[in-house]
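Participant: give me a 3D structure for the following:
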Amino acid sequence: MDGRKVTGWAARDSSAILSPYSFHLRKTGPEDVLYKVLYCGMDHTDLHQMRNEVHPTTYPLVPGHEVVGKVVEVGSKVNKFSVGDIVGVGVSIPENLAPEQAAPLLCAGVTAYSPLKQFIDSKKPIRAGILGLGGVGHLGVLIAKAMGHHVTAISSSDKKREEALTHLGADCFLVSSNPAEMEKSRNSLDYILDTVPVAHPLQDYLCLLGVEGKIFVVGAKTISGSFIGSIQETQEILAFWVDKGLKTMIEVVKMDYVNKAFERMEKSDVRYRFVLDVAGSNLE
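Facilitator: Down below sits the predicted model:
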C-alpha cells in the first residue's frame, strides 16, 4: 500500500482557487484508518486557511475537515473501526443517518451542540437565544428546539424572520437593530449562542440575559466559548440527530462547482451549508 496515489482539490496559493491535485499517501500504519471520501462539508475555516488568514498556510493545501467516508483499510492496532464502516474523523456515522446529512455535524453541528448539551437534562424551562442564522446558527436553532428550549432567533435584519419561524421552528424572532424590540426583550433569555462570524459588540446582547444568564461565543477564548467539540461530543451529536429525527439544511454540489460555492458561501448565499459530493464527482 506504500505510495498510494490519490487525487484531491488543492489551493496553490492565497488566491484560494481549487483545482485537481495528485499526491501520495504514506503506508497505512498500525493505528491508522484509511477511508474513501464520500462527502465533505464546506466551512469558513477552510476559506480562511486557503487564503492564509489564520496561521501560515503551507501550499498546496487540500482543505476540508467535515469529511465523511467509507473505511477501506485499518491498521493492526485499530479495533474501533472496520472495513466498510461509514465514518468521520474519529467517529462512526449511525446507519440511519445519510452521510451528506452527517457532514455538517462534524464541525458546525458539534460547535453548537457542545455548549448547549449542559441544558439537556434541565428540569426548568430554558429560554434560548441563537444569534446569527448561518451554518452554525441554523443548527443551533434545531438543536435547542430538539432539547425542548423556547428559542428566540436573533438577526440584524428582518430578512430571515419567516425562515427562522416557519422552517427552523424558532418560537420568536428578534431584530437586533431595532431598539424597541431589544428593549422589550431585556432579561428574557437564559443563554445566547453567538454564532456571528464577524466582529460585533457583545454589550448590545448582554442586556437580553436574565439572572445567571450565559453567552456562548463561537471561537471565544474568554467568557464561555465554543470551539468545535470533542470526539465524544461529535459522536453524541450524531446519535442525538438520529434520535430527534433532525435534518441538516444542505445544498449538495459536485467538485467542479467548489470555487463558485466558496464565492457564494462568503456572501452567505447558501441555505445553510454546502456539502461536496466527492465520491460522485470527477476529480481529475
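Participant: which parts of the chain are helices?
Facilitator: Along the chain, the segments classed as helices by DSSP state H run 44-50, 99-102, 108-116, 135-146, 161-162, 179-184, 203-206, 231-244, 258-266.
Participant: contacts for the second one next, please.
Facilitator: So the one you mean is helix 99-102. By Cβ atoms under 8 Å, 6 or more residues apart in numbering, the residues outside helix 99-102 that reach it are 38-39, 68-69, 86, 88, 93-94, 238, 241, 247-248, 250, 252, 275, 277. To be clear about C-beta, it is placed using only N, CA and C from the backbone, and glycine gets the same treatment.
Participant: again, only this time at 10 Å
Facilitator: Here helix 99-102 makes contact (Cβ atoms under 10 Å, 6 or more residues apart in numbering) with 38-41, 66, 68-70, 86-88, 91, 93-94, 109, 234, 237-238, 241-242, 246-250, 252, 273, 275-277, 279-280.
Participant: can you give me the strands for this protein?
Facilitator: 4-11, 18-25, 33-41, 66-74, 86-88, 91-92, 127-131, 150-155, 172-175, 189-194, 209-218, 224-226, 250-253, 273-277 (DSSP state E).
Participant: quick check: which of the ones you listed is nearest to residue 52?
Facilitator: For those, proximity to residue 52 was assessed by Cβ to Cβ; strand 4-11 is nearest, at 9.2 Å.
Participant: so how far is that closest one from its chain's centroid?
Facilitator: Remark: strand 4-11 is offset 24 Å from the chain centroid, using Cα atoms, centre = their mean, to the nearest Å.
Participant: one step back: using PyMOL, define a selection of the buried residues within the contacts of helix 99-102.
Facilitator: Selecting the buried subset of those in PyMOL, with 16 or more other Cβ atoms under 10 Å as the burial test, is done by:
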select buried, resi 38+39+40+41+66+68+69+70+86+87+88+91+93+109+234+237+238+241+242+246+248+249+250+273+275+276+277
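Participant: out of the strands of the chain, which is the most enclosed?
Facilitator: Ranked by mean neighbour count, the strands of the chain are led by strand 127-131 with a mean of 27 (mean count of other Cβ atoms under 10 Å).
Participant: measure residue 200 to residue 176 for me?
Facilitator: From residue 200 across to residue 176, the span is 9 Å (Cβ to Cβ, to the nearest Å).
Participant: so what sits against both of the two?
Facilitator: Residues touching both residue 200 and residue 176 (Cβ under 10 Å, 6+ apart): 131, 132, 156.
Participant: so which of those comes closest to residue 216?
Facilitator: Closest to residue 216, out of all of the shared contacts of residue 200 and residue 176 and judged by Cβ to Cβ, is residue 131, at 9.6 Å.
Participant: settle this for me: the closest one is touching residue 151, isn't it.
Facilitator: No. Using Cβ atoms under 10 Å, residue 131 makes no contact with residue 151, being 11.6 Å away.
Participant: run through this protein and note the low-pLDDT ranges.
Facilitator: Low-confidence segments of the chain (pLDDT under 70): 1-3, 219-227.
Participant: could I get the shared contacts of residue 200 and residue 176 as TSV with distance to residue 81?
Facilitator: TSV is the format used below for the shared contacts of residue 200 and residue 176 (distance: Cβ to Cβ, whole Å):
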residue	distance to residue 81
131	37
132	35
156	43
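Participant: domain ranges for the protein, per the record?
Facilitator: With domains defined by the TED database, the chain comprises 4-106+249-277, 109-217.
Participant: for residue 272, give its distance to residue 215.
Facilitator: With distances taken as Cβ to Cβ, residue 272 is found 22 Å from residue 215.
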